[in-house]
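Enquirer: Test case, fold it:
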Amino acid sequence: MEKIVFVIPDMPGGGTERVVALLANEYSRRGIPVAVLLFAGDERAYPLDSGIEVLSVGGPSGGSLSARLGRLRRMRQFYRENKHCQIWAFSAMGAVFSTVASFGQRHFFLVSERNDPTRYDHRRIRDLCYRRAQVVVCQTADAVKSFPAGIRKKSVVIPNPLEPEEAPYTGEREKRIVAVGRLNAQKNHKLLLRAFTSFAKSRTDYILELYGQGELEPELRTLAKELGIDSCVIFKGFSSHVLADIRTAAMYVLSSDYEGISNSMLEAMALGLPVIATDCPIGGSRMYIRDGVNGLLVPVGDEQRLVHAMERLADEPAYGERLGREAVKLRGELATAKIADKFLALVRR
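Expert: Okay, here's the model as predicted:
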């Protein structure tokens, strides 16, 4: 089979990066040639098989035209040298750059939409490049519906692979509330901090742990201090063993304003953690959480509903354990090998 080239900005740690690492490693183990092309950095937070070719064609451009042109030139050279490779762009910008860099060349071109498509700022350019692809992979049916008809016709829904390295936990839970994700506006950690402030007034023995890095960390630290909860909010940063870190917590909370599918949410569910998630547009949370059966859904931005959900899990541990037992069933449904097969079927159809 032709070499699969995953195109992604960088791999500093995050859901998309995790998915790329899982799929790339799975294909490499099967003997399929794999490359990971990074176009805006050279970090690698997740381990990749030694047989995988990793190429960085540039760092963050900072808006520099010359930096972008250099990036395009190096991408084009790579695609020319690997004229039979398949381009799998796992970001909208990766699709844009690959479309330009491979112009006039013949490659199988797959785009994987990783977020809420309605949130992208340059949709006309993105859609023009997505039309160049043979197939567009979305994470939910709602995501497919947000595209123009021409793109919808070539779109399919494939969920994220799930390969938790930790076994489900069923023992006594520690009084920790955990959240995993980049510290940016999309994840709305401010909502979580305000909700935790109300929650902690009568439950002073709980702590909140935030796993992840991002540009809003200083602002979030300041807000925690202003709310008077800085002594019980711990900024854990990026962890390469985050599943081991969170598996004994009392609950996992996803407070995002929008998502594609949160990989960290799925991994928390696979650990048997009681999960609370906002019912984000594009439907990634509701696609897997059956409210009150294997997790809890709350409206986006609804602080009071989030507080009530946290209080219920804290006050009814047996209820939380029932949710966790149901959530663990996702492990088999989303195994990496199954998801990898779904992607390969698109190439062969």
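
Enquirer: where does the stretch 151-300 of the chain have low pLDDT?
Expert: Within the stretch 151-300 of the chain, no stretch falls below the threshold (pLDDT under 70).

Enquirer: What ranges does it have for its helices?
Expert: 189-200, 217-226, 242-246, 263-270, 284-288 (DSSP state H, counting those that start in this stretch).

Enquirer: tell me the most buried of those?
Expert: Most buried of the helices of the stretch 151-300 of the chain, by mean neighbour count (mean count of other Cβ atoms under 10 Å): helix 263-270, with a mean of 27. Just so you know, the C-beta spots here come from the backbone N, C-alpha and C atoms, and that holds for glycine as well.

Enquirer: Kindly reformat the helices of the stretch 151-300 of the chain as TSV and extend each row with distance to residue 308.
Expert: Listed next are the helices of the stretch 151-300 of the chain as TSV, based on distance: least, Cβ to Cβ, whole Å:
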stretch	distance to residue 308
helix 189-200	9
helix 217-226	21
helix 242-246	22
helix 263-270	19
helix 284-288	17
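
Enquirer: between the ones you listed, which gets nearest to residue 148?
Expert: helix 284-288 (21.2 Å; Cβ to Cβ).

Enquirer: Show me what that closest one is packed up against.
Expert: helix 263-270 (3 or more Cβ pairs under 8 Å, 6 or more residues apart in numbering; DSSP states H and E).

Enquirer: Surely residue 258 touches residue 281?
Expert: Yes. Using Cβ atoms under 8 Å, residue 258 is in contact with residue 281, at 5.2 Å.

Enquirer: before we move on, the earlier item: which one of the helices of the stretch 151-300 of the chain lies nearest to residue 183?
Expert: Closest among these, once you apply Cβ to Cβ, is helix 217-226, at 4.8 Å.

Enquirer: can you list the residues that contact the closest one?
Expert: 183, 189, 190, 193, 210, 230, 233, 235 (Cβ atoms under 8 Å, 6 or more residues apart in numbering).

Enquirer: Closest to residue 297 out of the residues you listed?
Expert: Out of the contacts of helix 217-226, the member with the shortest distance to residue 297 (by Cβ to Cβ) is residue 189, at 18.6 Å.

Enquirer: Identify the residues contacting that closest one.
Expert: Contacts of residue 189 by Cβ under 8 Å, 6+ apart are 179, 183, 210, 216, 220, 255.

Enquirer: Distance to residue 66 added to these, as a markdown table?
Expert: Putting the contacts of residue 189 into a markdown table (distance: Cβ to Cβ, whole Å) gives the following:
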| residue | distance to residue 66 |
| --- | --- |
| 179 | 39 |
| 183 | 31 |
| 210 | 37 |
| 216 | 30 |
| 220 | 35 |
| 255 | 39 |
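
Enquirer: so which of those residues is the most crowded?
Expert: residue 179 (28 neighbours; other Cβ atoms under 10 Å).

Enquirer: My read is that that one contacts residue 252, right?
Expert: Yes. If you go by Cβ under 8 Å, residue 179 and residue 252 touch, sitting 7.0 Å apart.

Enquirer: Quick check: neighbours shared by these two?
Expert: Contacts common to residue 179 and residue 252, judged by Cβ under 8 Å, 6+ apart, are absent.

Enquirer: hmm, back to that, in terms of neighbours, single out the busier of residue 258 and residue 281.
Expert: The neighbour comparison of residue 258 against residue 281 (other Cβ under 10 Å) goes to residue 281, with 20 against 17.

Enquirer: Next, work out how far apart that one and residue 346 are.
Expert: According to Cβ to Cβ, to the nearest Å, residue 281 and residue 346 sit 25 Å apart.

Enquirer: Minimum distance to residue 52: which of the helices of the stretch 151-300 of the chain has it?
Expert: Proximity to residue 52 (Cβ to Cβ) singles out helix 263-270 among these, at 19.6 Å.

Enquirer: So what's the gap between the strand or helix carrying residue 78 and the chain middle?
Expert: Per DSSP states H and E, residue 78 falls inside helix 65-81. Relative to its chain's centre, helix 65-81 lies at 27 Å (Cα atoms, centre = their mean, to the nearest Å).

Enquirer: If you average the pLDDT over that helix, what comes out?
Expert: Helix 65-81 shows a mean pLDDT of 94.

Enquirer: ok, back up a step: go through the contacts of helix 217-226 and say which is closest to residue 175.
Expert: When those are compared against residue 175 (criterion: Cβ to Cβ), the nearest one is residue 233, at 13.7 Å.

Enquirer: so what's residue 310 up against?
Expert: Here residue 310 is in contact with 177, 195, 196, 199, 251, 253, 276 (Cβ under 8 Å, 6+ apart).

Enquirer: Let's verify it: helix, strand, or coil?
Expert: helix (DSSP: H, G, I helix; E, B strand; the rest coil).

Enquirer: Return the per-residue confidence for it.
Expert: At residue 310, pLDDT is 98.

Enquirer: Give me the distance between it and residue 148.
Expert: From residue 310 to residue 148 the distance is 40 Å (Cβ to Cβ).

Enquirer: where does residue 46 land on pLDDT?
Expert: 88.

Enquirer: same question but for residue 349, I mixed them up
Expert: 56.

Enquirer: how close does residue 104 get to residue 298?
Expert: On the measure of Cβ to Cβ, residue 104 and residue 298 end up 50 Å apart.

Enquirer: With neighbour numbers in mind, choose between these two.
Expert: Set side by side, residue 104 and residue 298 show more neighbours around residue 298, with 25 against 6, by other Cβ under 10 Å.
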